Structure formats: structure tokens, C-alpha cells
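Visitor: My questions concern the predicted model and sequence given below.
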There are 2 protein chains.
Amino acid sequence: MKQPSTIKDVAKLAQCGVATVSRVLNSTGPASAETKERVLDAVEKLKFEFSEVGRSLQSSTTRTIGCVIPSLANPVYADAVQGVQETFHEAGYQTLLVCTNYKRNVETKAIRTLMSKQVDGFVLTVSDALSSQGLRSIQSREIPHCLLFNRAPSDAQSWAVDDYSAALRVVDEFVSMGHIHLGFLALKFKTSDRARQRYKGFIEGCFTNKLERPALLEIAEDTENLDVLLANFLKENPSITGIFASNDILALATIRSLRAIQLRVPKDVSVVGFDGIHVGEMVEPSLATIATEPRMLGQGAAQTVLSFINDLPLPEQPELSLSFSFRNGGSLAPRIAENLGDDDVIAF
Amino acid sequence: MKQPSTIKDVAKLAQCGVATVSRVLNSTGPASAETKERVLDAVEKLKFEFSEVGRSLQSSTTRTIGCVIPSLANPVYADAVQGVQETFHEAGYQTLLVCTNYKRNVETKAIRTLMSKQVDGFVLTVSDALSSQGLRSIQSREIPHCLLFNRAPSDAQSWAVDDYSAALRVVDEFVSMGHIHLGFLALKFKTSDRARQRYKGFIEGCFTNKLERPALLEIAEDTENLDVLLANFLKENPSITGIFASNDILALATIRSLRAIQLRVPKDVSVVGFDGIHVGEMVEPSLATIATEPRMLGQGAAQTVLSFINDLPLPEQPELSLSFSFRNGGSLAPRIAENLGDDDVIAF
DNA sequence: GCGTAAGATGGAAACGTTTCCACTTGGAGT
DNA sequence: ACTCCAAGTGGAAACGTTTCCATCTTACGC
């Protein structure tokens, strides 16, 4: 690899000191017209560009941000990262991205590495905001940071969806459609405080509405045979007419599997997802879901970090209660009447 | 922000020289047992971590890779980046990500910035591999790099799909189903050499099969009313029974719009997509498409760059002809017979 | 008991910047 | 003619590492 030229080469060629070159190029001090020209010529000739490494060492600032998220396979995070990246890019910062694949140890190690790279700030979605090693070390070094999707512990900023309330809302929607027996499908339960919040809200909502405690089907990350799992689940809980999936991808897969085992959606079983990914609107039946705005959240988190860095007032956040909305869709329909008698007996 | 401690602080606390600290911590030279212990204690006490910036300056290596892609909104790129990132991460490299949003000037500027940050290598999907400013400057500095999705100009490495042949294949599939009048729907035509290759192949395939030149509907990035556009398009080209969309998202949107204007898929119009995104298999009807493996491509491109860096033989690439496969789906069905007479008249 | 090699160790240079400081120059004000 | 100031300039230190080299000890073999 060819060695790029340094400020010294420029100085030599322009017959002046390095200080002068620095001043000219950064317009940070006086310089005679001729000198300026000689420097500029030399820069041109050598195709000189400043080395950010040297600069960083001297200024102890890298114009680089660390972004840590679970995975890009989930469009929610992909969208959010897009927002993070574009906001920082506009502000002249580059984004160092790490996907943890929901692994805690990767998360903490990645954060350490990024810290030693001296990132100027962090935007992160951690596995569990309350217990995150990495988050703690960021805080103890007082590096500007903002959580994304995680609800913040008291001392941190965060842009997140109110998972708990959203799940309550989902129960309400099910109830308003006459559903009484509900199921919850979860992925990555162990490694996502978001999924747990949704479940918690869902249980609470069922309780408030005097429904039975919803049945839980937890799905391993590498599950291939959702059809079978789902068939068994419904055999064990035959009265279920509504399923809440902890994210949209899972919801779509669920619908597919329900079809595969000869159940009609929404006629036999209604399905509601979470996230509001775009394709949910394109499929037939369209997916009823909690709609969120991952990209906007990403932008917000990035803005928050920028505000910390530049010592500006933090950007205004939308009300937490507005962090989601229910989007109706064809996958949710009123419960058919024929079972009414039975269900009521079980429900009380 | 608290200042992290430096190697000098450690040296002072351990009562030895910085050289010794460096040697101990990197196990790069001898040291007495007691000294080692004192150093390790000091490190512990100060929570010392090396500053990668200082290291980079000295070693002129940053363990950082630049990754430039159009957008994360398209799951194809998101998947690919996932592959890139994980491969580099395993090798101890971090990934600096930039999304260009298909803008050429962002692309070239981003590449320049990344170069001044002294990235050790590049993985990139450029707008047009033959004319990319940024790519040229990377090459002239002889920085290890590998293209992704772009077919490489002779002097570069790349992991890509054979868009042209894939499009030929799509025509064959349409033809084998009896379709004679085809349409092509393209997004981002101006800013993606991939989309253009697909169109070129599609035209060529039609020619080879003695079909009429396919009608082209080019769609702006911000189009909201695909329904209307599509209705007009089909009014102008009423004999079309098969539509090839230049990517899966667009294909799904197309199916939705066709439904909205009262056309049945695949009964009235068949649709084939491109990319093979996962949700395509979950919807009803499932999406016929060209299946690709973006994540694997990303891993491959990353491996290629790593091989350049470490001076190893390049990883073996799958045959270009195996870079895609046709995945059948419910969105493609035989042309209904009723129009046969008409079409044949027009076709010859 | 002496020479010598190997083991420990620290000083200092180098990597590419920025910035402080000190030095020249020339022109304006007295 | 003298002082003073501003503009223009370059040397050098500092940022945090690694590594070369020189120095000093120690133990070993004769």
C-alpha cells in the first residue's frame, strides 16, 4: 500500500514549516498570500489529506461514534441504524457498527473495544439495560451515550417504545374483538428486555381484562419447524383464538405456519404483531400490529448524543405514550360466535 | 468526560519505564515476575486500556474497515452488512459503516473520509463500478478492497450476483409458463448498475425468446401512488401478463397494488421478484423470485479483504452461475388460455 | 576469579497532528 | 529616529503508543 504524504512532506515542498501548513489548511491563523499559494500547490501535487489518526491523538476526539445493536437481520434495527448513521453523517461523524447477535459477552467486549478506539459517543441497544456491564463502563467513563429501544435506567437517556403499554393496548384490541383466550409468542426472551416487557404488559392486560393468563410459546432462535411447535401449542391450548407475536417477522411466520396447519387467519385465529415493518402492509391479509418508527428513534438517539457532545440542550422527545400506535389489519378479526358458550365458561 | 489513564500512568505507578509496561502487556519481551505483577496491579488499579489511537499512529494500522453501501432499508444490503460485520469482527476488525442513499457525491466523499481515517480496507457497493471516483482513489492508494454486488471491473475483486444471467433465467421461467408479454419494473435505475444489468438481461432474454421488447416502468424513489402508475402502465400495455420487478420489496408492493386495482395475482398477472428476501416465502401467494445469499456474499467480500491484508490466497468464490437460483412461488402461474389467440397475433 | 552471554530494564525516537511561544520583519505613530 | 504592534513564520512540545538500542545486572562455564 502506497504511503500517503504527511504534513511534513507538504511543508518541505512548500518550503515552510509544518505549523504554517496546518494554519493555512485549517484557516486557523495568518499567512501571506504567496505562502498560501505554495502550500495549496504542494497539497495539490502530493494529493495530501490530513490523517485523522494524528489529529485524533492530538485533539483526543475521533469524530467517530459507536453503535451497538443486536442484529441487522431484523428490519427494525436496520432502520434504526439507518437513522443513526445518517444523523451522525450529517454532523460529520462516522459510525462504527457492531452487531452482537443478542450475545451478552459480545456486547460487553465490543463496547470495550469501541471505547479503546476512543469513540466520541455511543448509541446502543443492549440486551438488558439494568444489568449491562458495557453500559456501566460507558457511564463510569462519562462518555456521551443514548440508549435505543431499551427503556433507560434513571440515569441514562433513551429513545424507546413503551413496550409495556403497547402490549396492554394489544390486549385491549383483542378484547374489543371479543377474544378471550390469548397466546404470546416470543423470540429471544432471554436476551431482550423489550420482549420481556411486552410479555409483562400482555399478562397485565389480560389480568386487568379478567382474561386467563395468556399461554406462552417461547421459540428458539434457530427454530425451523414452527409449524409443529405451533400445532402442539394450539393442541395444548385449544381455546386460543388470538396470538400476539413479539415481533412482525415472527407474526408473519406464524401466519404462514397457521396456514400450513390448516388454520385460517383471521377466521380461526387472529394474529397481532409488533414493530410495524413495512411489508406488513403489503401482505394479504395485512398485519395488525403495533406500529413504531425505528428510523426516527435512531435519529433521536443520535441527536441526543450530539447534544451531549456539543453541550446543547437535549432534543425534545415525543411523549412516551406516542411512541407507538396500533395499526389495524386483516390479520385481526372478531372472534367467531360459535364457541362463545364454551369460552365464557372457561373465562370465569 | 473522565480522562482514561495512559501507559505512562501505569509506568509511574508500577515504578518502571513505559517500555516495560508495553512489553509486559503485549508479552513482547522479557520481564521479571515481580515487575510483571507490579504492572498488572497498576493496570488493574487504573483500569488501564490501551488507546487504539496511539497504537494506530505508531503502527499505521487501525483494525478498522470501511463499508459503504446504498441503504439499510433494503434487507439485501442489511443482510450483506451483517455478513461483512460479523466476519471482520471475528478477525478483530471493526466496521465503519456509511449508507450513501444511492447518492454518488455522498459515496465519493464518504470514501475520502474513510481513507483519511486510515481504514485498513474497504468493502463497498458503489453506484457504478466503472465510473466510481471513490473506487478509483482507493485503487490508486492500493488499499485492500472488495466490491459487493457490483460486478468488478477487470482489476478488482468482487462478490456479486450475475444479474444479467439471472434476468435471462426469469424470462425463461415466464416463457415456460406461456407468458409472452412482459413488463419490467425498476427502482433506482439511474443509480444502480445492478438494476441496469437486470434490465439488459431481461431485454436480451425477451429477444432470444422472440418476445416483444418488454415494457419498462421506471419508478421514482418517493413514489406513493404505485396503484395509479401501475394502472396506467397496464392500460398502455394491456397484453402484459407477467411483471418482473427489480427487487422483492418492489415486487411485494406491486402485488399489493395489483390487488388494489382489482387484478388477481397470479391469475391475471404473474409477478417475479429479485433478491429472495425471507418474507417472500411467508406471504400468500409466495413470491417467485431470484434467490440470492446476501449474507454469504458479504462474508465472502470481507474474507477477500482480509486475505489481501494478511497476504493470503484469496478465498474461493462460488461459480458465478451459482450466484443465484430461481425460487418458484405462487405469484407465478401459467398464463390463462383465453387470450392465447390475441397474444400470438401480436407476438409474431 | 574472570569473561561473557542472557535477562531485565529504561531512555528516546518515531508515527502525524495542533498549538504555544518566540522570533523576525515592516509600517505606523510619536 | 525611536518605540510599538501586528502580521508572518518556524521550532518544539504534546498527544499515546511501540521498538530500537544502550545500560546494568546476574549467573554460568571455564
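Guide: Cool, got the structure. Note that the structure is predicted; figures quoted are calculated from it, not measured. Numbers count the residues shown, from 1 in each chain, chains lettered A, B, ... in the order given.
Visitor: List the buried residues of stretch A:13-21.
Guide: Buried positions in stretch A:13-21, judged by neighbour count with 16 or more other C-beta atoms under 10 Å in any protein chain shown: A:13-14, A:16, A:20-21. No exception for glycine: its C-beta is placed from N, CA and C like everyone else's.
Visitor: Give me the secondary structure label for the residue nearest to residue A:284 when sequence neighbours are not counted.
Guide: Nearest non-adjacent residue to residue A:284, counting by C-beta to C-beta, 6 or more residues apart in numbering or on different chains: residue B:284, 6.3 Å away. Secondary structure, DSSP: H, G, I helix; E, B strand; the rest coil: residue B:284 is coil.
Visitor: Now do the same contact list for residue A:305.
Guide: Residue A:305 makes contacts with A:65, A:88, A:121-123, A:144-146, as judged by C-beta atoms under 8 Å, 6 or more residues apart in numbering or on different chains.
Visitor: List the ones among the residues you listed that fall in strands.
Guide: Among the contacts of residue A:305, the members falling in strands (DSSP state E) are A:65, A:121-123, A:145-146.
Visitor: ok so, going back, now the contacts of residue A:305: which count as buried?
Guide: A:65, A:88, A:121-123, A:144-146.
Visitor: Which positions within stretch A:281-295 qualify as buried?
Guide: Buried, per 16+ other C-beta under 10 Å, within stretch A:281-295: A:281-283, A:285-295.
Visitor: Considering the residues you listed, which is situated nearest to DNA strand C?
Guide: Checking the buried residues of stretch A:281-295 against DNA strand C with C-beta to the nearest atom of the strand, the nearest one is residue A:295 at 33.8 Å.
Visitor: Name the nearest residue to the closest one, ignoring sequence neighbours.
Guide: Once flanking residues are discounted, residue A:295 sits nearest to residue A:83: 3.9 Å by C-beta to C-beta, 6+ apart.
Visitor: same thing with residue A:157?
Guide: residue A:146 (4.6 Å).
Visitor: show me what contacts the residue positioned nearest the centre of chain A?
Guide: What sits nearest the mean C-alpha location of chain A, by C-alpha atoms, centre = their mean, is residue A:77, with 4.0 Å. Residue A:77 makes contacts with A:69-71, A:125, A:294, as judged by C-beta under 8 Å, 6+ apart.
Visitor: do residue A:299 as well
Guide: A:83-84, A:86-87.
Visitor: re the thing from before, now tabulate the contacts of residue A:77 in a markdown table and tack on secondary structure and distance to DNA strand C.
Guide: Converted to a markdown table, the contacts of residue A:77 look like this (DSSP: H, G, I helix; E, B strand; the rest coil; distance: C-beta to the nearest atom of the strand, whole Å):
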| residue | secondary structure | distance to DNA strand C |
| --- | --- | --- |
| A:69 | strand | 32 |
| A:70 | coil | 36 |
| A:71 | coil | 36 |
| A:125 | coil | 34 |
| A:294 | helix | 37 |
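Visitor: Compare those residues and tell me which is most surrounded.
Guide: residue A:125 (28 neighbours; other C-beta atoms under 10 Å in any protein chain shown).
Visitor: what sits against that residue?
Guide: Residue A:125 neighbours (C-beta under 8 Å, 6+ apart): A:68-70, A:77, A:80, A:147-150.
Visitor: For residue A:208, give me its contacts.
Guide: By C-beta under 8 Å, 6+ apart, residue A:208 lies in contact with A:168, A:171.
Visitor: Now with 10 Å, please.
Guide: A:168, A:171-172, A:175 (C-beta atoms under 10 Å, 6 or more residues apart in numbering or on different chains).
Visitor: Most neighbours out of those, which is it?
Guide: In terms of neighbours by other C-beta under 10 Å, the contacts of residue A:208 top out with residue A:171 at 25 neighbours.
Visitor: Go ahead and confirm that one touches residue A:212.
Guide: No. Counting by C-beta atoms under 10 Å, residue A:171 sits too far from residue A:212 to count as a contact (11.9 Å).
Visitor: returning to that earlier point: would JSON lines of the buried residues of stretch A:13-21 with pLDDT be doable?
Guide: Converted to JSON lines, the buried residues of stretch A:13-21 look like this (pLDDT from 0 to 100):
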{"residue": "A:13", "pLDDT": "96"}
{"residue": "A:14", "pLDDT": "96"}
{"residue": "A:16", "pLDDT": "95"}
{"residue": "A:20", "pLDDT": "97"}
{"residue": "A:21", "pLDDT": "97"}
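Visitor: ranges for the helices of the stretch 1-150 of chain A?
Guide: If DSSP state H, counting those that start in this stretch is used as the criterion, the helices of the stretch 1-150 of chain A fall at A:7-14, A:18-26, A:33-46, A:52-59, A:75-90, A:104-116, A:133-140.
Visitor: Which stretch among the ones you listed is buried most, on average?
Guide: Neighbour counts (mean count of other C-beta atoms under 10 Å in any protein chain shown) averaged over each of the helices of the stretch 1-150 of chain A peak at helix A:75-90, with a mean of 25.
Visitor: residue contacts, the nearest residue to residue A:5 once chain neighbours are set aside?
Guide: Leaving out its chain neighbours, the residue that sits closest to residue A:5 by C-beta to C-beta, 6+ apart is residue A:46, at 4.2 Å. Neighbouring residues of residue A:46 by C-beta under 10 Å, 6+ apart: A:4-6, A:9-10, A:12-14.
Visitor: Write out the residues of the stretch 151-300 of chain A neighbouring chain B.
Guide: The stretch 151-300 of chain A has residues A:248-249, A:251-257, A:259, A:265, A:277-286, A:295, A:298 near chain B, with proximity defined as C-beta under 10 Å from any C-beta of the partner chain.
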